[in-house]
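Trainee: Sequence and predicted model, in that order:
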Amino acid sequence: MSTTVAAPETDRGPAFRAAVPAHATFAGTLRGEWIKLLSLRSTWWVLAATIALITGISLAVAFSLDAVAADPPTASGPATATGAEVVSGGFQMGMLTIAVLGALLITGEYSTGMIRSTLAAVPTRVPVLVAKAIVLAVLTVVVATVSIALAYVVTMPLLADLDLVPAFDQARTWQVFGGTVYFLVAAGLFALGVGTLLRSSAAAITVALTVLLLLPGVLSFINLDWVQTIVDYLPLPASGSFLGGDEDSLSSAGEGLSPLAGVLVIAAYAVVPLVAEAVVLRHRDA
Amino acid sequence: MIEAQELTKRYGDKTAVDGISFTIAPGSVTGFLGPNGAGKSTTMRMVMGLDRPTSGTVTVNGKPYAEHRSPLSEAGALLDAKAVHPGRSARSHLRTMAATHHIPASRVTEVIEMTGLATVAGKRVGGFSLGMGQRLGIASAMLGDPRTLILDEPVNGLDPEGVQWVRRLVRSLAEEGRTVFLSSHLMSEMAQTADQLLVIGRGRILAAGPVQQVIDSVSGAAVRVRSPQAADLAALVAADGATVSSPEPGTLELGGIDAARVGDIACAHDIALHELSPRSASLEEAYMSLTQDAVEYRSTDTSTSPATAGALKGTNP
């Protein structure tokens, strides 16, 4: 084709030297993502909603246990619930808000065009994805911990009546609290991965919430063994294996996975979409 | 310095950029001129590593953009005035970009002041006008004090004062020895801003070189003559190798010959001249002539009145 050169006829003196100190590092990318996340009002709304939902629902569960306990003829249910499960009882709602946050973290960039600024600054691309995953995970750990701590405080008077206050010297308490935080982080990373693959807010949130919330309920009505096996491997039922929420388990097949298998399955949901995108990200047009 | 070799980008079966090669040299302003849909933005996105070429290569300051250790010091781009999250303030947006390169906060303040955004820097970008968005885009491009600037339609949406400011800015950036590559679909803008031109149409380079050279290469220098013996003169200059057209009786438009030669021939043959005027085509005419076959979206011709046509021709940007 046309090889055309628009070159100056003469040398125009010394080459330009930048006067502003600048060097790109991963720490810088991480800091950039952190500023990005915290400089959006929507982030703060989602975090506030997460804390309010988790705390509010645990309070409601505690109230209902209290009411049931006050009415002995129907008091067979609460015996199966541990205090720790009551305190983290709102985690499914927290899962929704954290998943929305995770999806918007990346789809918000594609829908607004911000991604072009982001990738101009970090053209190797994959560090952006890693940094986003790290800031999301850190923020989710903080918010989930605050939520559980708050839920513990507000439900304590009610649970004290029932002698259900989670004991900190019991491994079970830490398993439920830690498992809840872990699951929320995984839900956020799953949504982030789906969002990077799909790039559309509506599509990413729909897919993430369908897998996280809708499918276990819908599929549990199909009474086929292989369908129930699939249900066991969906995030929410899988989380039941280590959160021990058997009284509200949506899987009619019961506890299909061992706690360790559950932890690994949840990890796969968090990691696989992100790794898949990391592989193709460098080759996709922004 | 930007160098492209056989750069090609296809989307499905549509070829946006078709094997173009060019070099954009430092120290001057190079205009990238072409109709909408000609491939300007696609080319610029490939320079910045945002779109992956289907084939061919493009480098900035000697390397593919993504391979530089400090990309924002190498190239800054205004690719789209809306490459910003509307929920963030202008300052936050610049801080997120600065953070990736450990660029000091003082530089963020500097580019905010340089682009005249100081009074709105704390406001959310969603409420910005198109012109303010352009200024923020230019501020982002300048953040790393880059050696190469890539500006896609930088004057879009700017008021006249803003347009003047961009012209002065790109001139001074080029004088500092930087490479400045800016696109426009407005030829008048290019005539006032650029030193060098790269004209693109339907994904191919149509012309390249210094602005005046591009204009001359397309139109040739033309000479307009009025004479009572026009027919005689026409025969004589045609014999001398000039192209002749006669827009009206007694008037000749001559190409491929200069005014002095026409005058000499007329004098030698005792032909009276009532007018002998060299005229250089405007960039606009050159551009129309270059791109008339390369316009992606053509409107049907509505200018039927000779007055309109004459007015267009007389325009000299």
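Mentor: Yes, it's here.
Trainee: And the helices in the stretch 51-200 of chain A?
Mentor: Ranges of helices in the stretch 51-200 of chain A, per DSSP state H, counting those that start in this stretch, are A:83-87, A:91-112, A:114-121, A:126-162, A:171-198.
Trainee: want to try JSON lines for those, with distance to residue B:159 as columns?
Mentor: To be clear about C-beta, it is placed using only N, CA and C from the backbone, and glycine gets the same treatment. Shown next, in JSON lines, are the helices of the stretch 51-200 of chain A (distance: least, Cβ to Cβ, whole Å):
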{"stretch": "helix A:83-87", "distance to residue B:159": "59"}
{"stretch": "helix A:91-112", "distance to residue B:159": "25"}
{"stretch": "helix A:114-121", "distance to residue B:159": "24"}
{"stretch": "helix A:126-162", "distance to residue B:159": "35"}
{"stretch": "helix A:171-198", "distance to residue B:159": "38"}
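Trainee: Out of those, which one sits most buried?
Mentor: helix A:83-87 (a mean of 27; mean count of other Cβ atoms under 10 Å in any protein chain shown).
Trainee: mean confidence score for it?
Mentor: Helix A:83-87 comes out with an average pLDDT of 86.
Trainee: Check which helices and strands it sits against.
Mentor: helix A:41-69, helix A:126-162, helix A:171-198 (3 or more Cβ pairs under 8 Å, 6 or more residues apart in numbering or on different chains; DSSP states H and E).
Trainee: Which residue does the stretch 51-200 of chain A have closest to chain B?
Mentor: Nearest to chain B, among the residues of the stretch 51-200 of chain A, is residue A:123, at 3.6 Å (Cβ to the nearest Cβ).
Trainee: Can you report how many residues lie near the nearest residue to that residue once chain neighbours are set aside?
Mentor: Among residues not flanking residue A:123 along the chain, residue B:66 sits closest, at 3.6 Å (Cβ to Cβ, 6 or more residues apart in numbering or on different chains). The tally of other residues near residue B:66 (other Cβ atoms under 10 Å in any protein chain shown) stands at 16.
Trainee: wait, residue B:66 sits on residue A:122?
Mentor: No: here residue B:66 does not reach residue A:122: they are 9.1 Å apart, not a contact under Cβ atoms under 8 Å.
Trainee: pLDDT below threshold where in the chain?
Mentor: With no chain named, the answer covers chain A. Chain A contains residues with pLDDT under 70 at A:1-15, A:18, A:72-81, A:245-255.
Trainee: My question was about chain B, not that one.
Mentor: B:81, B:218-221, B:280-284, B:293-317.
Trainee: and if we set it to 50?
Mentor: B:303-317 (pLDDT under 50).
Trainee: Go through it and flag its longest helix.
Mentor: helix B:160-175 (DSSP state H).
Trainee: just checking, what packs against that one?
Mentor: strand B:29-33, helix B:130-142, strand B:148-152, strand B:179-184, helix B:187-193.
Trainee: deepest of the ones you listed, which one?
Mentor: strand B:29-33 comes out most buried of the helices and strands packed on helix B:160-175 by mean count of other Cβ under 10 Å, with a mean of 28.
Trainee: partners of that strand, with directions?
Mentor: In the sheet, strand B:29-33 lines up against strand B:179-184 (parallel), strand B:196-201 (parallel) (DSSP bridges).
Trainee: Check what contacts the last one and list those residues.
Mentor: For strand B:196-201, contacts defined as Cβ atoms under 8 Å, 6 or more residues apart in numbering or on different chains pick out A:4, A:6, B:20, B:22, B:24-25, B:28-35, B:38-40, B:43, B:190, B:205-211, B:214, B:287, B:290-291, B:293-295.
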